[in-house]
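S.K.: got a sequence here, can you build the structure:
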Amino acid sequence: MSWPAIERRLDAYERLLRLDKPIGTLLLLWPTLWAVWLASRGAPRTEILAIFCVGTLLMRSAGCAVNDFFDRGFDRHVDRTRDRPLAAGEIRPAEALVLATLLAAAAFALVLMLNRTALLLSFAALAIAVTYPLTKRFFALPQLYLGVAFGFGIPMAYGAIQNRLPAECWVLLAANICYAFAYDTEYAMVDRDDDAKLGMRTSALTLGRYDVAGVMLAYAGMLGLLGWVGRMAQLGWPYYAGLAVAAAMMAYHFRLIRGRTREGCFAAFRHNNWVGAAVFAGIAVHYWLR
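M.R.: Numbers count the residues shown, from 1 in each chain. Presented below is the predicted three-dimensional model:
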């Protein structure tokens, strides 16, 4: 194989695994870091932090490969996704499955360095990640399932650090479900017309004209649940300042999505990275000032 051909293949793999689009990894990473900092009371061990950061990247990439494998027949009919490597025929379906398996195996090797609680939870995490793409075919609100998939680093972090799953852990996971529902509904609003033609199920289609209200209600639920977490963990003013910054960003998202334009909805989706970052900053600064 010539070098140009190798370069094209590597580029296709990079796009399949979304290594060129880190926003998805960040949306997975921020809630995981919330949990790592809260579970360790602001003093995570370096090896734990490294395992969860690298594991997040590996599982997000594996999830993208699995998602594109299941959606390859649909993606070629959607303007935004028709150039994805599987839909465009640049990569064979079997290659995507092999890559996903290798990445999941690498992530599992990292989990083996953690305790038994985290190990057992990893099997549930894998099952949820693999089955998520299928929910878009029958579940009216697959974004709720995505919230569990994208937030499963939360119970794994508590399990690995505290060897238990306290109430705080589950409230934090519920907050992330609201967070994911909000940003992925914004994402689904971008593809509303294409998804309707293909018979896909999304929250944007299910909510119809109440989609914007649904996004804002989910944001409100996220803030309320995070406020509850703050009380449970006895967090101070920096944490609530972070929530206030996140709330201001959510108000900005309302301005972006209320017209339901593809550009505005996609911009709001991408901006959610900063919402997660603001919440994490509040947690980190609280413990730094103690």
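
S.K.: my guess is residue 262 meets residue 187, correct?
M.R.: No: Residue 262 is beyond contact range of residue 187, at 10.7 Å (criterion: CB atoms under 8 Å). Just so you know, the C-beta spots here come from the backbone N, C-alpha and C atoms, and that holds for glycine as well.

S.K.: and these two? Which one has more around it.
M.R.: Taking other CB atoms under 10 Å, residue 262 and residue 187 do not tie; residue 187 has more neighbours (22 against 14).

S.K.: and the more buried one, what's its pLDDT?
M.R.: With respect to pLDDT, residue 187 has a value of 94.

S.K.: list the contacts of it.
M.R.: The contact partners of residue 187, by CB atoms under 8 Å, 6 or more residues apart in numbering, come to 265, 266, 269.

S.K.: so which of these wins on neighbours?
M.R.: Those, ranked by neighbours (other CB under 10 Å): first place residue 265, 27 neighbours.

S.K.: assign a three-state SS to that residue, would you?
M.R.: Here residue 265 is recorded as helix under DSSP: H, G, I helix; E, B strand; the rest coil.

S.K.: which element is the closest residue to it other than its chain neighbours on?
M.R.: Nearest non-adjacent residue to residue 265, counting by CB to CB, 6 or more residues apart in numbering: residue 189, 4.2 Å away. Assigning secondary structure by DSSP states H and E places residue 189 in helix 167-190.

S.K.: starting at the chain centroid, how far to that helix?
M.R.: Its chain's C-alpha centre and that of helix 167-190 lie 9 Å apart, by CA atoms, centre = their mean, to the nearest Å.

S.K.: over to stretch 13-25?
M.R.: 13 Å.

S.K.: ditto for stretch 143-153
M.R.: From the chain centre to the centre of stretch 143-153 is a distance of 7 Å (CA atoms, centre = their mean).

S.K.: neighbouring contacts of that stretch?
M.R.: 27-29, 31-32, 35, 52, 55-56, 63, 121, 124-125, 128-129, 132, 135, 139, 172-173, 176-181, 184-185, 188, 202-203.

S.K.: show me which of those are buried.
M.R.: Burial by neighbour count, 16 or more other CB atoms under 10 Å: within the contacts of stretch 143-153 this picks out 27-29, 31-32, 35, 52, 55-56, 63, 121, 125, 128-129, 132, 135, 139, 172-173, 176-181, 184-185, 188, 202-203.

S.K.: what sits against residue 239?
M.R.: With contacts defined as CB under 8 Å, 6+ apart, residue 239 is in contact with 230, 282, 283, 285, 286.

S.K.: identify the farthest-apart pair in those residues.
M.R.: The most widely separated members of these, counting by CB to CB, are 230 and 285 (12.8 Å).

S.K.: helix/strand/coil for residue 84?
M.R.: Residue 84, by the three-state scheme (three-state DSSP), is coil.

S.K.: and it, how many neighbours?
M.R.: 22.

S.K.: who's in contact with it?
M.R.: 15, 16, 68, 72, 75.

S.K.: so residue 275 sits against residue 179, correct?
M.R.: Yes: at 7.3 Å, residue 275 counts as touching residue 179 under the criterion of CB under 8 Å.

S.K.: joint contacts of the two?
M.R.: Shared contacts of residue 275 and residue 179 (CB under 8 Å, 6+ apart): none.

S.K.: closest to residue 256 among the contacts of residue 239?
M.R.: Distances from residue 256 to these, taken by CB to CB, are shortest for residue 282, at 23.0 Å.

S.K.: quick check: residue 53 touching residue 29?
M.R.: Yes: counting by CB under 8 Å, residue 29 is a contact partner of residue 53 at 6.8 Å.

S.K.: residue 104: neighbour count?
M.R.: 22.

S.K.: what about it, which helix or strand?
M.R.: Here residue 104 is assigned to helix 93-111, by DSSP H and E.

S.K.: the longest helix in the chain is where?
M.R.: helix 46-75 (DSSP state H).

S.K.: starting at the chain centroid, how far to it?
M.R.: 10 Å.

S.K.: show me what that helix is packed against.
M.R.: When contacts are defined as 3 or more CB pairs under 8 Å, 6 or more residues apart in numbering; DSSP states H and E, helix 46-75 packs onto helix 3-16, helix 23-39, helix 93-111, helix 116-135, helix 153-162.

S.K.: all good on my end, thank you.
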